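K.L.:
below: sequence and its predicted model.
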Amino acid sequence: MGLTLSSILIFLVVLLFLLRYFLLKKQQSYTNKPPSPPSLPLIGHYHLVKEPLNQTLQALSAKYGGILSLQLGIRKVLVVTSPTAVEECFTKNDIIFANRPSTLSTKHFSYNNTTISIAPYGDHWRNLRRIAALEIFSPSRIAMFTSTRRRELMLLLNELLRDSKLGGGSTKVDLKSKFIELAFNVLSMTIAGKRYYGENVVDADGARRVRFIMREMLEHSGNTNLGDLLPFLQWIDFQGLEKRFASLIEKLDRFLQDLVNERRENFGLKGKLSGEKTMIDHLLSLQENEPEYYTNELIKGIILVWLQQRLAWWLVGFDLKVLILEVEGGGLQVVAGGGSWAGRRWS
């Protein structure tokens with residue numbers, strides 16, 4: 001009986017989606033919309049999305065023009081390759097395109113879509129942007145960590161020099177991984193005053209935890225949740241992503257909370273700090289003045305955005321020949337081009 005009822009429910013859901021699909025298709029046929037390739041019921045154009053994605057989209061754009069519409073399940077996608085259309089979208093109509101769709105991954109990895117990179121346009125997002133611009137990423141705030149960046153760079157250079165001497169004056173070096181480790185050390189020192197790569201790593205357990213979390217996020221970052229495209233599949237979760245995402249964010253949240261608690265202990269009851277003031281220290285000082293707004297979740301969300309940005313570095317690092325860091329300027333910039341030549345010269 002249970003199996004029969006389940007089969008009936010699945011049949012009704014599929015039937016409703018088919019009816020909705022054909023009704024919308026009939027309605028949209030009278031509207032002025034961008035060209036679109038032929039689609040299939042339910043999945044739309046999902047069967048056309050193949051790796052490498054950039055080449056697939058380029059081929060579709062060459063056939064259908066600089067603006068085309070795709071339907072991925074229930075998700076509508078506008079593919080824009082025309083420079084004029086891009087300018088139209090992100091200058092004159094930037095607010096219309098400001099919001100991002102909510103997905104299973106953003107729900108778990110963005111504190112229920114509340115971080116600055118995912119939050120919908122509105123008062124909360126504007127407040128987060130103000131905090132980022134004035135309190136976190138301002139030129140004066142970045143300049144405060146100049147000594148940290150220089151120190152981490154010198155540690156890396158000393159490590160390379162020592163390895164060269166041990167190798168008899170010449171040794172092969174994987175610059176890509178070294179630069180990624182340098183970038184992450186600068187980030188972690190800026191956030192919490194801790195190093196996770198290289199020598200003098202005091203918190204070995206924390207280093208293992210963050211490496212494990214980074215690997216897990218790397219593995220799951222490329223997963224496509226079909227439930228985001230076809231909501232009725234969320235009830236089944238046959239990919240098991242819901243459980244995996246929930247488990248990973250629990251570990252990540254515990255790690256971030258430990259960082260906040262550790263800096264709060266250093267912060268002290270009177271706001272006195274031991275050592276250089278980190279990003280968490282500054283956010284904790286803001287929390288003292290406005291505890292209702294600067295909650296632990298907001299602080300962890302800001303840190304999480306930084307980690308996610310550096311995770312993107314990690315991902316592109318597997319394809320680029322070299323990562324060049326603008327250490328003196330306070331920023332981290334990926335430069336591709338002469339990297340292959342530099343890699344050959346150093347190898």
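P.N.:
Right, received. Where do you want to start?
K.L.:
ok, Gln70 - contacts?
P.N.:
One correction, residue 70 is Leu, not Gln. Contact analysis of Leu70 by Cβ atoms under 8 Å, 6 or more residues apart in numbering lists Ser36, Pro37, Gly44, His45, Leu48, Val49, Leu60, Lys76, Val77, Leu78, Val79. C-betas here are computed from N, CA, C, even on glycine.
K.L.:
from these, which is closest to Ser140?
P.N.:
Ser140 has its nearest neighbour among the contacts of Leu70 in Leu78, at 38.9 Å by Cβ to Cβ.
K.L.:
ok, which stretches of this structure are helices?
P.N.:
Ranges of helices in the chain, per DSSP state H, are 2-28, 53-64, 83-87, 104-109, 123-130, 139-143, 146-166, 175-192, 204-221, 226-229, 241-267, 279-289, 296-317, 339-346.
K.L.:
alpha carbons of the fifth one, in CSV - could you do that?
P.N.:
Put plainly, it is helix 123-130. Below are the C-alpha coordinates for helix 123-130, written out as CSV (Å, rounded to 0.1, in the frame of the first residue of the first chain):
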residue,chain,number,x,y,z
ASP,A,123,19.1,46.4,4.3
HIS,A,124,21.0,43.4,5.6
TRP,A,125,23.2,43.2,2.5
ARG,A,126,23.8,47.0,2.6
ASN,A,127,24.9,46.7,6.2
LEU,A,128,27.3,43.9,5.4
ARG,A,129,28.7,45.8,2.5
ARG,A,130,29.2,48.8,4.8
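K.L.:
so which bits of it are buried?
P.N.:
Neighbour-count burial for helix 123-130 flags Trp125, Leu128 (criterion: 16 or more other Cβ atoms under 10 Å).
K.L.:
torsion angles phi and psi at the nearest residue to Leu48 once chain neighbours are set aside?
P.N.:
Distances taken as Cβ to Cβ, 6 or more residues apart in numbering put Pro37 closest to Leu48, at 6.2 Å, once the chain neighbours are dropped. Dihedral angles of Pro37 (phi, psi; degrees, to the nearest 10) stand at phi -70, psi 160.
K.L.:
what's the neighbour count on Pro37?
P.N.:
Other residues lying near Pro37 total 15 when counted by other Cβ atoms under 10 Å.
K.L.:
cool, Ser147 as well?
P.N.:
If you count neighbours by other Cβ under 10 Å, Ser147 ends up with 10.
K.L.:
with adjacent residues omitted, what lies nearest to it?
P.N.:
Glu276 (7.7 Å).
K.L.:
roughly how far does that neighbour sit from Phe255?
P.N.:
Note on Glu276: its distance to Phe255, by Cβ to Cβ, to the nearest Å, is 21 Å.
K.L.:
okay if I get the helices of the chain as JSON lines plus mean pLDDT and distance to Ser117?
P.N.:
Output for the helices of the chain, formatted as JSON lines (pLDDT from 0 to 100; distance: least, Cβ to Cβ, whole Å):
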{"stretch": "helix 2-28", "mean pLDDT": "64", "distance to Ser117": "30"}
{"stretch": "helix 53-64", "mean pLDDT": "89", "distance to Ser117": "20"}
{"stretch": "helix 83-87", "mean pLDDT": "89", "distance to Ser117": "20"}
{"stretch": "helix 104-109", "mean pLDDT": "87", "distance to Ser117": "9"}
{"stretch": "helix 123-130", "mean pLDDT": "91", "distance to Ser117": "9"}
{"stretch": "helix 139-143", "mean pLDDT": "81", "distance to Ser117": "19"}
{"stretch": "helix 146-166", "mean pLDDT": "88", "distance to Ser117": "23"}
{"stretch": "helix 175-192", "mean pLDDT": "82", "distance to Ser117": "16"}
{"stretch": "helix 204-221", "mean pLDDT": "72", "distance to Ser117": "14"}
{"stretch": "helix 226-229", "mean pLDDT": "86", "distance to Ser117": "17"}
{"stretch": "helix 241-267", "mean pLDDT": "88", "distance to Ser117": "15"}
{"stretch": "helix 279-289", "mean pLDDT": "90", "distance to Ser117": "16"}
{"stretch": "helix 296-317", "mean pLDDT": "75", "distance to Ser117": "5"}
{"stretch": "helix 339-346", "mean pLDDT": "38", "distance to Ser117": "27"}
